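>>> sequence plus predicted model, see below.
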Amino acid sequence: QIQLVESGGGLVQAGGSLNLSCAASGRAFSRYAMGWFRQAPGKEREFVAAVAWHGFKEYAASAKGRFRLSEVSTENTVTLRMNSLNVEDTGVYFCASDKTIGTVMAGESAYWGKGIQVTVAS
């Protein structure tokens with residue numbers, strides 16, 4: 001079984017930055033893609049960014065140029081650096097993981113974290 005634990009959320013002023021980290025654990029975790037989704041109040045969960053085990057990355061249009069996702073580290077963690085945050089970035093951010101980046105991007109990952117709150121104040 002694989003467990004994903006998010007950290008680093010919180011409250012930030014508009015225009016500020018925040019780092020989110022996701023740590024994966026479990027004996028079977030090897031060469032997995034990892035990514036991030038978010039869900040704003042009253043809205044559906046949406047894709048933010050993902051990275052394949054070999055380093056290939058994809059970003060949602062809303063994240064391009066502002067967010068930067070690290071590669072999967074040897075400790076099985078990824079960090080999402082979020083810059084120039086605005087109130088529309090507010091929501092619960094979920095870490096997801098599966099074998100392929102396509103599966104992660106489609107929202108069909110087998111493994112999900114519990115989510116972490118990010119609030120951007122105007």
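It's in. What you are looking at is a predicted structure, and each value in this text was computed from that prediction instead of being measured. Numbering: from 1, shown residues only.
>>> beta partners for the most centrally placed residue in the chain?
Nearest to the mean C-alpha position of the chain, counting by C-alpha atoms, centre = their mean, stands residue 36 at 2.3 Å. In this structure, residue 36 bridges to residue 49, residue 95 when assessed by DSSP bridges.
>>> that one reaches residue 93, doesn't it?
Yes - in this structure, residue 36 sits in contact with residue 93. The criterion is C-beta atoms under 8 Å, and the distance is 5.8 Å. No exception for glycine: its C-beta is placed from N, CA and C like everyone else's.
>>> count the neighbours of residue 85 for me.
A count of nearby residues for residue 85, using other C-beta atoms under 10 Å, gives 21.
>>> hang on, it in a helix?
No - using DSSP: H, G, I helix; E, B strand; the rest coil, the secondary structure at residue 85 is coil, not a helix.
>>> isn't it right next to residue 19, touching?
No - under the criterion of C-beta under 8 Å, residue 85 makes no contact with residue 19, lying 11.4 Å away.
>>> so residue 13 sits against residue 89, correct?
No - the pair residue 13 and residue 89 does not pass the contact test of C-beta under 8 Å, sitting 11.8 Å apart.
>>> picking up where we left off before, what is in contact with residue 36 and residue 93 at once?
With C-beta atoms under 8 Å, 6 or more residues apart in numbering applied, the overlap between the contact sets of residue 36 and residue 93 consists of 20, 48, 80.
>>> so which elements touch whichever helix or strand residue 78 is part of?
Using DSSP states H and E, residue 78 sits in strand 77-82. In this structure, strand 77-82 makes packing contacts with strand 18-25, strand 46-51, strand 67-69, judged by 3 or more C-beta pairs under 8 Å, 6 or more residues apart in numbering; DSSP states H and E.
>>> at 6 Å what do you get?
With contacts defined as 3 or more C-beta pairs under 6 Å, 6 or more residues apart in numbering; DSSP states H and E, strand 77-82 has these neighbours: strand 18-25, strand 67-69.
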